[in-house]
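# Pasting a predicted model and its sequence here:
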Amino acid sequence: MSQFLSLHQPEAVYQALQYRQLLIEAKLAPSTINVRLSALKSFVDYARTVERCNFNLADVTCLKVDSYGDTTGIAVARFREMLQIPDRTTIKGIRDYAILRLLWDNALRRNEICSLDVCDFSASGRLAILGKGKIQKSQIDLSSATTIALSQWLAVKDDYRSSDPLFSSLDRRSKGHRLDGSTIYRLVRKFSEAAGIDKVVSPHRIRHSAITAYLDASDGNLRAAQGLSRHANLNTLNRYDDNRHKYQAIATNVLADLM
């Protein structure tokens, strides 16, 4: 790294651009590439501050990320089938069912579920979540079905304190430890495969499915959908609405019919 910091401006920019190209060729996600480029640029900025280098990487731009290009999910009936998979006569089935309900009824992100503590849940039907990019938790309302599911999970959960994670591992080696995002991803994949769903289903795809299903059921109530999804930018929800109406396909077919 010291050799890199000793480079002159043109050579340093060239090397950084080469690094970016290697990441692209490795087929990393644009968001992942941008994180790595930002880390490199921050390091260089710090090195300049302490007079360890004489260049900057302002000319090395991040990649454009097309957020929510694909908002397709799974049909309501298919998720209903997934919901029947957990064996609710077992502790694990009760826990997993509650997680699936949160993913669907409240369109929660998996990290929002992972960060939940026991004290965040109120049996009156409220939940305090730490939203994406937030530093303070906010209250959301739960459906009666989700409230019952969470209450049943806590009823069978081992002795716990209010500060304990709401969802914990049941494996012998890690019992009591907070569930991580990878575990929730794996259980969603397992249930979707058991339900015979060919499409790769992730927690975020369930979120897409829930938002789209609500827009369909409410005839496009964007105001309520924004409350559900907690998207700060309404344009993101417009993308969901456009995709469910298939406006592009409609326009394409009109043009084809003109020929």
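Cool, the structure landed.
# contact partners of stretch 145-163?
91, 94-95, 97-98, 101-102, 105-106, 117-119, 121, 123-125, 127, 142, 166-168, 176 (Cβ atoms under 8 Å, 6 or more residues apart in numbering). In short, each C-beta sits where N, CA and C put it, glycine included.
# one more time with 7 Å
91, 94-95, 97-98, 101-102, 105-106, 117-119, 121, 123, 125 (Cβ atoms under 7 Å, 6 or more residues apart in numbering).
# Buried residues, that stretch. List them.
By neighbour count on 16 or more other Cβ atoms under 10 Å, the buried set for stretch 145-163 is 146, 147, 149, 150, 153, 157.
# Quick check, pLDDT for the last one.
The per-residue pLDDT reported for residue 157 equals 90.
# so how far is residue 95 from it?
Distance, residue 157 to residue 95, by Cβ to Cβ, to the nearest Å: 8 Å.
# between the contacts of stretch 145-163, which is closest to residue 207?
residue 106 (9.3 Å; Cβ to Cβ).
# can you pull the contacts of residue 234?
So residue 234 contacts 222, 226 (Cβ under 7 Å, 6+ apart).
# Find the residue ranges of the stretch 1-150 of the chain scoring beneath the pLDDT cut-off.
65-71 (pLDDT under 70).
# In it, what residue spans correspond to helices?
2-5, 9-25, 30-49, 76-83, 91-105, 110-114, 144-156 (DSSP state H, counting those that start in this stretch).
# centre of the chain versus the first one, how much separation?
To tie it back to what came earlier, the one meant is helix 2-5. 37 Å (Cα atoms, centre = their mean, to the nearest Å).
# 45 is where my numbering starts, stick with that
Fine by me, first position is 45 from now on; the one you just mentioned is helix 46-49.
# who's in contact with that helix?
Contacts of helix 46-49 (Cβ under 7 Å, 6+ apart): 59, 91, 96, 97.
# can I get the CA coordinates of it in CSV?
C-alpha atoms of helix 46-49 as CSV (Å, rounded to 0.1, in the frame of the first residue of the first chain):
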residue,chain,number,x,y,z
SER,A,46,2.9,2.4,0.7
GLN,A,47,3.9,1.9,-3.0
PHE,A,48,0.4,2.9,-4.1
LEU,A,49,0.5,6.0,-1.9
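# Could you give me the buried positions within it?
Using 16+ other Cβ under 10 Å as the test for burial, helix 46-49 gives residue 48.
# on that earlier part again, make a PyMOL selection of whichever of the contacts of stretch 189-207 turn out to be buried.
Those of the contacts of stretch 189-207 that count as buried under 16+ other Cβ under 10 Å are selected in PyMOL with:
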select buried, resi 138+139+141+142+145+146+149+150+161+162+165+169
